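[1] predicted coordinates and the sequence they were generated for:
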Amino acid sequence: MSDEKKLAIIATKGSLDWAYPPFILASTAAALGYEVQIFFTFYGLKLLRKDLNLNVTPLGNTAMPMPMGMDKWFPVMGTALPGMEAMMSAMMKAKMKKKGVASVPELRDLCLEADVKLIACQMTVDLFDFERDDLIDDLEFGGAATFFEFAGEADITLYV
């Protein structure tokens, strides 16, 4: 048995705000010498698309800091207005760029460079009619059993 620590991550969300945790945690763990796998299932599978068009999810996210103190005076239901998600996503992306935060594609590439294994849930691929050409290269495809082979031996397993 290897002394190398293992981290298993299940990624189930496909929005901009939920894309960061699995890639940041995986790339950091890989840099610290962990063997890492991320299992992308259901909406998390969207994070493996070649063309990423991710938005934040402001509706119902009361913890999301809003510009101009909007979280104090703007009604939560207002985030459901047409165009609000796109506007808030653009603002978040601009703020992240200004603060020097890596983009999701950059973090994903960093994971691949660090030999993080990215596994696309085959059942979800079939369920949502994903085309292989729509997804990035360097993926593995497998089901829950594939993930459990690794997760069962992992030191840490995270569901994000």
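    Perfect, thanks for sending it.

[2] where does the residue most central in space within the chain land in three-state SS?
    For the chain, the residue nearest the mean C-alpha position is Ala19 (2.6 Å; CA atoms, centre = their mean). Put simply, Ala19 is helix when judged by DSSP: H, G, I helix; E, B strand; the rest coil.

[3] now Thr157
    Three-state call for Thr157 (three-state DSSP): strand.

[4] ditto for Ile119
    Once three-state DSSP is applied, Ile119 turns out strand.

[5] might one say that the residue nearest to the centre of the chain is in contact with Leu54?
    Yes - the pair formed by Ala19 and Leu54 meets the contact definition of CB atoms under 8 Å, at 5.7 Å. C-betas here are computed from N, CA, C, even on glycine.

[6] which neighbours do the two have in common?
    Residues touching both Ala19 and Leu54 (CB atoms under 8 Å, 6 or more residues apart in numbering): 47, 104.

[7] if we can go back for a sec, could you check how far the residue nearest to the centre of the chain is from Ile38?
    Here the criterion is CB to CB, to the nearest Å. By it, Ala19 lies 11 Å from Ile38.

[8] for Gln37, list each beta-bridge partner.
    For Gln37, the beta-bridge partners under DSSP bridges are Ala8, Lys117.

[9] separation between the closest residue in space to Arg49 that isn't next to it in sequence and Asp155?
    Of all residues not flanking Arg49 in the chain, Asp134 sits nearest, at 5.6 Å (CB to CB, 6 or more residues apart in numbering). Going from Asp134 to Asp155 by CB to CB gives 33 Å.

[10] sounds good, over and out.
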